[in-house]
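Student: Next input, structure requested:
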Amino acid sequence: MDVQFAKIEGKSVSYWVTVGLLAAATVAGLVATLVMNKHGLYLSGMTNRVPWGLQISMAIFYIGLSAGSLVVSGLYGVFGKMEYKPFARIAAYLAMLFLIAGLLSIFTDQGRIDRVFTKPFTYVNPTSMFSINPALYSGHIMICVLYLWALFKEKGTLTKITSLVVVLWAIGTHTGTGAIFAFVPRELYNSALLPPSFVAAAMSSGAALMILVIVSLFRATQRHLDDELIIWMGRRLLSIFIVVTFYVLLIENAHRAYLAYSHEAGLFFLFGGVHSLMFWVGLITIGCVIPAVLLFVKKTGTSVRWTVFASVLVVVGVLFERFLIVIPGLIHPPELFPGWEVTDAVLWEGVASYSISPLEVLQTLGVIGVIGFAFVVGLKVMPLAPTEARALPAK
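Tutor: Have a look, this model is predicted:
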């Protein structure tokens with residue numbers, strides 16, 4: 001299958017307006033980070049009890065999108081589905097950008113930014129997931145660069161090898177990211193099912209976002225895109241990821257609520273406040289049930305418009321899921337003395353609170369601005385996008 005790739009012209013007013021808006025978002029995020037770095041993290045919604053906030057939630061969201069993007073690229077590189085070759089370069093490039101976005105979010109979350117460039121690489125502790133993950137992230141980016149180079153140069157054998165390696169490495173990277181929380185002895189973190197749950201949600205959100213990017217890009221550039229390619233990705237790929245995500249979430253929360261030591265924390269997560277509403281409405285209903293129904297029902301599942309709508313819901317749902325991984329486990333009071341009852345204390349822990357500050361929102365917009373700017377400029381300077389994408393005739 002001969003696929004032609006070409007740079008976009010990037011001469012329209014809409015293109016330069018997009019570039020300008022992304023650049024403005026980048027500047028706003030930079031200013032917010034500098035202000036917070038100068039005056040302190042107290043300007044954020046974080047506290048001693050809640051040391052992770054929006055930026056860490058967004059970091060694991062971006063890292064998950066990276067893995068899901070590689071699944072779409074792997075349809076060609078690993079499984080040899082030639083009709084998906086037109087999307088391989090875009091998917092690999094986005095996977096690299098999303099991982100960089102995750103690292104930028106972690107970077108902007110630091111109170112001492114100068115330590116980011118030294119501590120993870122000079123102090124290595126093989127028993128700490130915080131020490132292991134920087135190596136996974138760095139390796140992931142380097143493999144993505146090699147994979148993208150192989151795609152550009154049409155290196156058939158190298159493409160297959162690097163595609164398989166980068167997909168497996170991505171699974172390992174996202175398992176490691178999930179393990180940062182799963183290996184912590186707190187009731188709402190400590191779960192062997194959290195890493196696979198993280199990977200499943202990553203596949204769902206990444207595949208959904210790739211559908212949105214592909215459809216938007218082809219329509220914006222007025223290049224031909226066969227509907228069958230998007231419909232197959234929705235009904236045969238995204239729908240399965242949604243079901244797997246829903247199943248793992250069901251088992252994980254049922255297990256947590258069933259066990260005696262985590263029963264109270266499990267009920268707090270499911271029915272204990274605003275985060276519970278995010279879980280039932282944002283994640284389960286909007287992120288899983290509705291898009292699954294839309295994709296499995298033939299009338300809506302065979303429509304590109306409904307597939308795009310379902311993809312939007314999945315991305316929103318997984319964004320809620322990432323927030324729910326981080327925040328409820330921190331605001332819930334930790335059991336400091338397992339098996340013992342605290343009858344009196346100078347300071348009672350209680351349920352903490354967290355609210356997103358305007359500066360955190362600007363930092364998030366800044367990270368989106370950086371990767372968005374890199375993506376649209378990359379389309380202009382590199383032959384990432386195909387001139388057309390057609391489904392192969394049925395055999």
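Student: from the chain's centre, how far out does the helix or strand hosting residue 133 sit?
Tutor: Take DSSP states H and E as the rule and residue 133 turns out to sit in helix 129-152. Centroid separation for helix 129-152 versus its chain: 16 Å, with Cα atoms, centre = their mean, to the nearest Å.
Student: in the next helix or strand after it, what counts as buried?
Tutor: For helix 129-152, the following helix or strand on the C-terminal side (DSSP H and E) is helix 156-182. Neighbour counts over helix 156-182 (16 or more other Cβ atoms under 10 Å) mark 159, 162-163, 165-167, 169-171, 173-182 as buried. To be clear about C-beta, it is placed using only N, CA and C from the backbone, and glycine gets the same treatment.
Student: Give me the packing partners of helix 156-182, helices and strands only.
Tutor: Using 3 or more Cβ pairs under 8 Å, 6 or more residues apart in numbering; DSSP states H and E as the contact definition, the elements that helix 156-182 packs against are helix 54-77, helix 88-108, helix 129-152, helix 194-221, helix 304-331.
Student: Just want the angle from that helix to helix 129-152.
Tutor: 160 degrees (axes from the mean of the first three to the mean of the last three Cα atoms, to 10 degrees).
Student: what distance separates helix 156-182 from the middle of the whole chain?
Tutor: On Cα atoms, centre = their mean, the centre of helix 156-182 falls 14 Å from that of its chain.
Student: Buried deepest among the helices and strands packed on helix 156-182, which one?
Tutor: The highest mean neighbour count among the helices and strands packed on helix 156-182, using mean count of other Cβ atoms under 10 Å, belongs to helix 54-77: a mean of 26.
Student: Now find how far off-centre that helix is within its chain.
Tutor: On the basis of Cα atoms, centre = their mean, helix 54-77 sits 5 Å off its chain's mean C-alpha point.
Student: Just put the helices and strands packed on helix 156-182 in JSON lines and tack on mean pLDDT and distance to residue 378.
Tutor: Shown next, in JSON lines, are the helices and strands packed on helix 156-182 (pLDDT from 0 to 100; distance: least, Cβ to Cβ, whole Å):
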{"stretch": "helix 54-77", "mean pLDDT": "87", "distance to residue 378": "14"}
{"stretch": "helix 88-108", "mean pLDDT": "91", "distance to residue 378": "6"}
{"stretch": "helix 129-152", "mean pLDDT": "88", "distance to residue 378": "10"}
{"stretch": "helix 194-221", "mean pLDDT": "92", "distance to residue 378": "12"}
{"stretch": "helix 304-331", "mean pLDDT": "94", "distance to residue 378": "21"}
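Student: Any chance of JSON lines for those, columns distance to residue 262?
Tutor: Formatted as JSON lines, these follow (distance: least, Cβ to Cβ, whole Å):
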{"stretch": "helix 54-77", "distance to residue 262": "21"}
{"stretch": "helix 88-108", "distance to residue 262": "28"}
{"stretch": "helix 129-152", "distance to residue 262": "20"}
{"stretch": "helix 194-221", "distance to residue 262": "13"}
{"stretch": "helix 304-331", "distance to residue 262": "11"}
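Student: And those helices: which comes nearest residue 288?
Tutor: Comparison of these against residue 288 by Cβ to Cβ identifies helix 304-331 as nearest, at 6.2 Å.
Student: Give the next helix or strand downstream of that closest one.
Tutor: That would be, after helix 304-331 and using DSSP H and E, helix 358-381.
Student: pLDDT on that following helix, on average?
Tutor: For helix 358-381, mean pLDDT rounds to 95.
Student: which secondary structure elements does that helix contact?
Tutor: Packing partners of helix 358-381 (3+ Cβ pairs under 8 Å, 6+ apart): helix 13-39, helix 54-77, helix 88-108.
Student: Residue 200: which of those is closest?
Tutor: Relative to residue 200, the nearest member of the helices and strands packed on helix 358-381 by Cβ to Cβ is helix 54-77, separated by 9.6 Å.
Student: packing partners for that closest one?
Tutor: When contacts are defined as 3+ Cβ pairs under 8 Å, 6+ apart, helix 54-77 packs onto helix 88-108, helix 129-152, helix 156-182, helix 194-221, helix 304-331, helix 358-381.
Student: Distance to residue 284 for those - can I get that in TSV?
Tutor: Shown next, in TSV, are these (distance: least, Cβ to Cβ, whole Å):
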stretch	distance to residue 284
helix 88-108	25
helix 129-152	28
helix 156-182	19
helix 194-221	12
helix 304-331	8
helix 358-381	24
